[in-house]
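Below are the sequence and a predicted model; questions follow.
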Amino acid sequence: MNLNEFFNEYKKVALAFSGGVDSAFLLQQAIENGVDITAYYVKSAFQPDFELEDAKRLSKELNAKLKIMQVDVFKDDNIIKNSSKRCYYCKKVIFGSILKQAKKDGYEVLLDGTNYSDDYDDRPGMRAKDELKVLSPLRMCKLTKKDIRKLSKEKGLFTWNKPSYSCLATRIPVDKTITLEDLDRTERAEDFLKSLGFVDFRVRLFCDSAKISVTETDLEKVIEHRADILQELLKYYPNILLDLEVRK
């Protein structure tokens, strides 16, 4: 099966839209195939502001229908307790909220951007997706992340080289209760590193300190900006650490 064949069968769908590489390409393909599609972006405390701005920009460039939903993840103790199953509970809430709204809007089928490269075995959120019968056309059509980036570039999508991004909650150690304060300082710290030109990186919480993880090629850049990074991040954390294992 290819995407054209998929969208020949599914002509009216809702899309769980993140503004990332995969869901952006899927939205573009649905529109190109003349599908009646609405993209649903869920804004919660786990999503940084730049993700919403990217979603708005992409939907505007594609002239796509975008519906922004607010979900309060702090209402669910299973999510905030941050166990190893947090992603499962969170996806149940996110996809469940989208499905409820999409059905009100006349959509019976919900899609997401899971691709053929995504590891099902180590992602609890996948189980939630399957339980709610969310379809993943990119995975069904065996399109890998590399394929999707290449095709997105050919289609002129600005998201083609956007770094993979996981929600802010992933920066908090498992079994540490998630707080708005920790999410906020994480977002501020990562926004600052982004302003310095860093692209593929994370700022994780480690014993109340910030642990900066960058690619090997960016290690020297961290040292070059050491004074600026310390000055800014020490506003939010008592200590700033550098992860020498680096991002792969």
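Looks like it came in fine.

quick one: pLDDT of T186?
On pLDDT, T186 comes in at 98.

Tell me, how many residues neighbour it?
Neighbour count for T186, taken as other CB atoms under 10 Å: 23. C-beta here means a position set from N, CA and C on the backbone, and glycine is covered the same way.

Once you drop chain neighbours, what's closest to it?
With sequence-adjacent residues excluded and distances taken as CB to CB, 6 or more residues apart in numbering, T186 is closest to R171, at 4.8 Å.

what about the one you found, distance to L52?
18 Å (CB to CB, to the nearest Å).

circling back to that earlier point, which residues sit in contact with the residue nearest to T186?
D182, T186, R202, V203, R204, L205 (CB atoms under 8 Å, 6 or more residues apart in numbering).

hmm, who's touching the lowest-mean-pLDDT helix or strand in the chain?
Here the helix or strand of the chain ranked lowest by mean pLDDT, DSSP states H and E is helix 124-131, holding a mean of 87. With contact meaning CB under 8 Å, 6+ apart, helix 124-131 is reached by 84-92, 95, 112, 114, 118, 120, 136.

at 10 Å instead, please
16, 83-96, 110, 112, 114, 118-120, 123, 134-136, 139 (CB atoms under 10 Å, 6 or more residues apart in numbering).

Which members of these occur in helices, if any?
Counted as lying in helices by DSSP state H, out of these, are R86, C87, Y88, Y89, C90, K91, K92, V93, I94, F95, G96, R139.

Neighbours of the first one, how many?
So that's R86. When counting by other CB under 10 Å, one arrives at 25 neighbours for R86.

picking that back up, could I get the contacts of R171 in CSV, plus columns for distance to K150?
Formatted as CSV, those follow (distance: CB to CB, whole Å):
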residue, distance to K150
D182, 37
T186, 32
R202, 25
V203, 30
R204, 31
L205, 35
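
Which two of those have the greatest separation?
D182 and R202 (13.9 Å; CB to CB).

re the thing from before, just the buried subset of the contacts of helix 124-131, please.
16, 85-95, 110, 112, 114, 118, 134, 136, 139 (16 or more other CB atoms under 10 Å).
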